[in-house]
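Asks: Fold the following and give me the result.
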Amino acid sequence: MDFNGAIFDLDGTLLDSMSVWADIDIHFLAKRGIDAPPDFIKAITPMGFMEAAKYTIRRFGFSGKAEDIIEEWNQMSIDAYSHTITLKPNAKEYLLSLKKKGIKLAVATALTPNLYEPALKNNGIYELFDAFSFLSEVDRGKGFPDIYLIAAKRLGLEPIDCMVFEDIYVGICGAKAGGFRTCGVYDSYSDYEKDKILNTAEQYIESFAQLL
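Replies: The predicted model follows:
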């Protein structure tokens, strides 16, 4: 793969963290006497916090503000992102190999800084990145190129010069719509859409070890 910039999703791509969000969603709904529907996690995964909170209110008919739901999610997740979440195998080694080659690195994530910063710092990779973008900065989710375009702009690169690494199909589609090259990354929580990712992304990996 020949590119000058690499843009990485976090949850399910660099971070082994999707199980945390599954648990949060289950516990959040259980507190309200609701069993989490099988498609709920899939539906909100590509969304930013505000979009996901509004969707949750609409779907389950909750009263209250989206901001209150976001705050509850934040409090439930902050401990895990501050202390326990780890990287996918060989992720750090691959990032270091890219830096050694002079490739610029960026993050494009649904997470807000209060979550992604401690997770990246705890795992010793925060300083490797040249730019960060997150969904709360844009109006549309990862089915659109907005978040990736911000990351590329902050790297000072054109989309065609960047490779986007994503574990979800909608993220691959959004990046491709913006003119980016794409690499699908396996995660057990997106295994159900693996075939679609394989047929859409320019490259697909089961592990970052394949790229070392």
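Asks: now stretch 145-164: how far from the chain's centre is it?
Replies: Put simply, stretch 145-164 sits 15 Å off its chain's centre (CA atoms, centre = their mean, to the nearest Å).
Asks: I meant stretch 63-77, not that one.
Replies: Computed by CA atoms, centre = their mean, the separation of stretch 63-77 from the middle of its chain amounts to 19 Å.
Asks: Which residues outside that stretch are in contact with it?
Replies: Contacts to stretch 63-77, defined as CB atoms under 8 Å, 6 or more residues apart in numbering, come from residues 20-21, 24, 27-28, 49-50, 53-54, 56-57, 62, 112, 114-115. Yep, even glycine has a C-beta here, placed from its N, CA and C like the rest.
Asks: 6 Å instead?
Replies: Contacts to stretch 63-77, defined as CB atoms under 6 Å, 6 or more residues apart in numbering, come from residues 24, 49, 50, 53, 54.
Asks: Name the residues of that stretch that are buried.
Replies: For stretch 63-77, a neighbour-count test (16 or more other CB atoms under 10 Å) marks 66, 69, 70, 73, 76, 77 as buried.
Asks: how about that stretch as CSV, C-alpha atoms only?
Replies: Below are the C-alpha coordinates for stretch 63-77, written out as CSV (Å, rounded to 0.1, in the frame of the first residue of the first chain):
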residue,chain,number,x,y,z
SER,A,63,-38.4,11.5,27.6
GLY,A,64,-35.5,13.8,28.6
LYS,A,65,-32.7,15.4,26.6
ALA,A,66,-30.1,13.8,24.4
GLU,A,67,-27.4,15.6,26.4
ASP,A,68,-28.5,13.7,29.5
ILE,A,69,-28.1,10.4,27.8
ILE,A,70,-24.7,11.3,26.4
GLU,A,71,-23.6,12.3,30.0
GLU,A,72,-24.8,8.9,31.3
TRP,A,73,-23.0,7.0,28.5
ASN,A,74,-19.8,9.1,29.2
GLN,A,75,-19.9,8.2,32.9
MET,A,76,-20.4,4.6,32.2
SER,A,77,-17.5,4.5,29.7
